[in-house]
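[1] Sequence isn't available, so here's the structure alone:
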């Protein structure tokens, strides 16, 4: 008689990816009761789970979702989440992946998805944003200063009321941005750049915490940071289900 292990049986009915794993340092499913301001971190690696502090009226909304029946709603003027500094955010020269599901309510202004920097810009590490008009940008710094030392800018023309999977991924010296699984723009040469490690909060939904500008107006879902792993190095099929618990190798 052939015996099938419990792990194998689970994989038989559920694909192994997408999963959280030992490189997942932040994972927000943004699930919960409508109006809730609680956003648990489901990550497993580093010093996770992290405490997520919502500001303004940032809340769980069941009006829209990519997965799970709800998402995080940001009003574009006062709403953001903040997370304390952590070794998890030190990207350095390692591989990494930052990804998020987003749905815009408006496209009239610059909007930050996630970043680690001060509001006056004097201390900045990295940031992912949409710039008006029609640009998607991943910025990072290799030294302290009031300006980004490197900017990877690609052309992108989103529309409102549509979900997009956005991912920025570094693999060795190659930095790529993907939208819905398709690389947007050319591969950026990050060479041997080491992204500076700063002591600032990570902010989601604006350009700095506490409180900044360039607020995001819309919904976010399945926010994930993977430190030490390049999850996407070529065009791929974007996630069609929420990230699931890691069972092991």
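    Sure, I can see it. Predicted model only: the values in this text are computed from it and were never measured. Numbers count the residues shown, from 1 in each chain.
[2] What's the per-residue pLDDT of the nearest residue to residue 155 once chain neighbours are set aside here?
    Of all residues not flanking residue 155 in the chain, residue 134 sits nearest, at 6.0 Å (Cβ to Cβ, 6 or more residues apart in numbering). Where C-beta positions appear, they are placed from N, C-alpha and C, glycine not excepted. Per-residue confidence at residue 134 stands at 94 (pLDDT).
[3] Identify the residues contacting residue 134.
    155, 156, 157 (Cβ atoms under 8 Å, 6 or more residues apart in numbering).
[4] ditto for residue 137
    Counting by Cβ under 8 Å, 6+ apart, residue 137 touches 127, 128, 129, 130, 131, 151, 152, 153, 154.
[5] The fifth one contacts residue 109, correct?
    No. Using Cβ atoms under 8 Å, residue 131 makes no contact with residue 109, being 9.4 Å away.
[6] Who has more neighbours out of those two?
    The neighbour comparison of residue 131 against residue 109 (other Cβ atoms under 10 Å) goes to residue 131, with 17 against 14.
[7] Look at the more buried one and report its pLDDT.
    Residue 131 carries a pLDDT value of 94.
[8] Then residue 83?
    pLDDT, residue 83: 97.
[9] Around it, how many other residues sit close by?
    Per other Cβ under 10 Å, the neighbour tally for residue 83 reads 23.
[10] between the contacts of residue 137, which is closest to residue 214?
    Closest approach between these and residue 214, by Cβ to Cβ: residue 129, at 6.8 Å.
[11] mind checking how far the closest one is from residue 204?
    Using Cβ to Cβ, to the nearest Å, one gets 12 Å for the distance from residue 129 to residue 204.
[12] shared neighbours, those two?
    Residues touching both residue 129 and residue 204 (Cβ under 8 Å, 6+ apart): residue 113.
[13] More neighbours: which of those two?
    It is residue 204, of residue 129 and residue 204, that has more neighbours when counted by other Cβ under 10 Å, with 27 against 19.
[14] For the more buried one, which non-adjacent residue is spatially closest?
    Of all residues not flanking residue 204 in the chain, residue 81 sits nearest, at 4.2 Å (Cβ to Cβ, 6+ apart).
[15] Okay, now the sheet partners of the helix or strand where that neighbour lies, with direction.
    Here residue 81 sits within strand 80-83, counting by DSSP states H and E. Sheet pairing of strand 80-83 (DSSP bridges) gives strand 53-55 (antiparallel), strand 202-204 (antiparallel).
[16] Give me whichever of those is most buried.
    The highest average neighbour count among the strands paired with strand 80-83, using mean count of other Cβ atoms under 10 Å, belongs to strand 202-204 at a mean of 26.
[17] Need the residues that contact it.
    Defining contact as Cβ under 8 Å, 6+ apart, one finds that strand 202-204 is touched by 26, 80-83, 85-86, 89, 112-117, 209, 212, 220, 223.
[18] quick one: which of the residues you listed sit in strands?
    The strands, defined by DSSP state E, take in 26, 80-83, 112-117, 220, 223 from those.
[19] Out of these, which end up buried?
    Using 16 or more other Cβ atoms under 10 Å as the burial test, the ones in strands among the contacts of strand 202-204 include 26, 80-83, 112-117, 220, 223 as buried.
[20] before we move on, the earlier item: which two of the ones in strands among the contacts of strand 202-204 have the greatest separation?
    By the measure Cβ to Cβ, 117 and 220 form the most distant pair in those, at 18.5 Å.
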